[in-house]
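Asker: take this sequence and fold it.
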Amino acid sequence: MKKFFTLIAVAAMAFAAQANVLSVCQGEYQSSYAPVYGLWYDTPGVTQMIYSADMLAEMADGDITEVSFLTLGNVDGTPYGQDFSSYTLNFSGGLLSLALKEVDQVGFTETVFVTDATVVSTLVPEAGGYFLTFALDEPFHYNGGNLMVEVKVQEPGNYASTYFWGTAMYDENDQVIYTPTYMYNENYSGEANVNQLSAFLPAADFTYTPGTTPQPTEKTGAPVFNGYTTDGIHAYFIEILESEPSTIYYRVQYGQDGEFTEWAEYEDILSFTQDGWYRIEAYAVADGKLPSDPIAYEFIVNPATGLSEMVGSKTVANTRYFNVAGQEMQEANGLTIVVTTYTDGTTSTVKVMK
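Answerer: Next up, the predicted model:
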């Protein structure tokens, strides 16, 4: 949500936007490589990390004024019950630079740097802190794309290993989904000590002022379901009808232990022939409006009639997201546990891969 405040002086009027902080990649992984490989901080090195547009959607059209990376010392308790309060920034001196650039890709497929990034800040790090914070020399206008964030050792300093908190892009089978980070460091002979891609993204706080583009305040009207069966055909059909001109998105869950698919745009009548329990969730988005409240529809298909009973149509009250360690998140990220509470007081819990 974007808020604006008016500041009135005696002889003039000025407008100041509230500075917001967007925290991303608050995961359960750690790395001593990104955003800085502190153990080789006494040699040249650079790390490039791509934060996807969906992670940063909240600050689209805003101006970034500060970027801060979190060490393990920021963690108030961990999934492992460890006290990480002493895990602070350990490398120091030298000179770091921060560069930003919006890019098309969401990750790296080979060890090739993104070029022409704009250097927006420099920093001489000091040991002992819980944050590696870059205050930007000038605000960086963020249009809403995938954001490449580069941290470069411009002048080597004093080495010491430092662990950063973050998120890793793995599926439920611990297979890499994509590699959003590219790390390069030299050794004392000027050769590559580290030259590799990583599925890790460090936790980061982006401080920004919202843009001036008016944001919608009215919600799209929620879609409605029309479910029916046809005599002699072992199938159940679902239409998702718009309440106003809009684009409708839906996803389907099958069976008590099923998992949601990704959201798919609604295009046609859905038909279900396999016996079992189903739930469909849907929402609509109209031009110039916020997405509608999601609605859910549940039904059972049986061998005899195609429809045993309609379990009911429910309205979602709220949805909460948790990682596999039980930590609540702002949005689905990686393997996520989604807890949905309906207006009738019932809840459902499913696993999704975002």
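Asker: CA only for contacts and neighbour counts going forward, please
Answerer: OK.
Asker: neighbours around Tyr142, how many?
Answerer: 22 (other CA atoms under 10 Å).
Asker: cool, Gly129 as well?
Answerer: Gly129, neighbours per other CA under 10 Å, totals 17.
Asker: please apply the same query to Asp116.
Answerer: So Asp116, with other CA under 10 Å, has 9 neighbours.
Asker: next up, identify which helix or strand it is on.
Answerer: Asp116 is part of no helix or strand when elements are defined by DSSP states H and E.
Asker: in contact with it, which residues?
Answerer: Lys101 (CA atoms under 8 Å, 6 or more residues apart in numbering).
Asker: can you confirm Gly73 is in a strand?
Answerer: No: assignment of Gly73 by DSSP: H, G, I helix; E, B strand; the rest coil gives helix, placing it outside any strand.
Asker: so it makes contact with Asn90?
Answerer: No: applying CA atoms under 8 Å as the test, Gly73 and Asn90 come out as separate, 11.4 Å apart.
Asker: residues in contact with the helix or strand where Val153 lies: which ones?
Answerer: Assigned by DSSP H and E, Val153 belongs to strand 146-155. With CA under 8 Å, 6+ apart as the test, strand 146-155 has contacts from 35-36, 41, 43-53, 94-106, 114, 117.
Asker: name the nearest residue to Glu242, ignoring sequence neighbours.
Answerer: Distances taken as CA to CA, 6 or more residues apart in numbering place Pro223 nearest to Glu242, at 4.6 Å, with adjacent residues excluded.
Asker: quick check, pLDDT for the one you found.
Answerer: If you check Pro223, the pLDDT there is 92.
Asker: next up, the contacts around it.
Answerer: 240-243, 248, 282-284, 295.
Asker: by neighbours, which of those residues wins?
Answerer: Highest count within those by other CA under 10 Å belongs to Ala284, 30 neighbours.
Asker: surely that residue meets Ile248?
Answerer: Yes: with contact defined as CA under 8 Å, Ala284 reaches Ile248; the gap is 4.3 Å.
Asker: what residues are shared contacts of the two?
Answerer: With CA under 8 Å, 6+ apart, Ala284 and Ile248 have common neighbours 223, 242.
Asker: and the nearest residue to Ala117 once chain neighbours are set aside, what element?
Answerer: Closest residue in space to Ala117, ignoring its immediate chain neighbours: Lys101 at 5.0 Å, by CA to CA, 6+ apart. Per DSSP H and E: Lys101 is located in strand 95-103.
Asker: ok, residues contacting that strand?
Answerer: Contacts of strand 95-103 (CA under 8 Å, 6+ apart): 116-125, 134, 142, 145-157.
Asker: so where's the stretch 101-250 of the chain uncertain?
Answerer: 213-214, 232 (pLDDT under 70).
Asker: what residue spans form the domains of the protein?
Answerer: 4-209, 224-353 (automatic domain parsing).
Asker: closest to Tyr130 out of the contacts of Pro223?
Answerer: For the contacts of Pro223, the residue nearest Tyr130 by CA to CA is Tyr283; the value is 40.8 Å.
Asker: what about the residue nearest to that closest one when sequence neighbours are not counted, distance to Gly221?
Answerer: Leaving aside its sequence neighbours, Tyr283 sits nearest to Pro294 (CA to CA, 6+ apart; 4.6 Å). Using CA to CA, to the nearest Å, we find Pro294 at a distance of 10 Å from Gly221.
Asker: same check on Ile238?
Answerer: Taken as CA to CA, the span from Ile238 to Gly221 is 19 Å.
Asker: ok, these two, which is more surrounded?
Answerer: Counting neighbours by other CA under 10 Å for Ile238 and for Gly221 shows that Gly221 has the greater number, 21 against 17.
Asker: geometric centre of this structure: which residue is closest?
Answerer: Central residue of the chain (CA atoms, centre = their mean): Met55, 3.3 Å from the mean position.
Asker: tell me the secondary structure for it?
Answerer: coil.
Asker: what sits against it?
Answerer: By CA under 8 Å, 6+ apart, the residues touching Met55 are Val24.
Asker: in helices, which of the contacts of Pro223 appear?
Answerer: Using DSSP state H to define helices, no part of those is located there.
Asker: between the helix or strand just after the strand holding Lys101 and strand 146-155, how many degrees?
Answerer: Next helix or strand after strand 95-103 toward the C-terminus (DSSP H and E): strand 118-123. Orientation check (axes from the mean of the first three to the mean of the last three CA atoms, to 10 degrees): strand 118-123 against strand 146-155 gives 50 degrees.
Asker: and whichever helix or strand comes after strand 118-123, how far from the chain's centre?
Answerer: Sequence-wise, the next helix or strand downstream of strand 118-123 (DSSP H and E) is strand 131-142. Relative to the chain's own centre, strand 131-142 is displaced by 20 Å; criterion: CA atoms, centre = their mean, to the nearest Å.
Asker: give the pairing partners of strand 131-142; include direction for each.
Answerer: strand 62-70 (antiparallel) (DSSP bridges).
Asker: now do the partner strand against strand 95-103, angle only.
Answerer: 130 degrees.
Asker: restricting to C-alpha, output strand 62-70 in CSV.
Answerer: Provided in CSV are the C-alpha atoms of strand 62-70 (Å, rounded to 0.1, in the frame of the first residue of the first chain):
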residue,chain,number,x,y,z
GLY,A,62,9.2,3.6,-6.3
ASP,A,63,12.7,5.0,-5.6
ILE,A,64,15.2,2.8,-3.8
THR,A,65,17.2,4.8,-1.2
GLU,A,66,19.0,2.0,0.7
VAL,A,67,19.8,-1.7,0.4
SER,A,68,20.8,-3.8,3.4
PHE,A,69,21.9,-7.4,3.7
LEU,A,70,21.3,-9.4,6.9
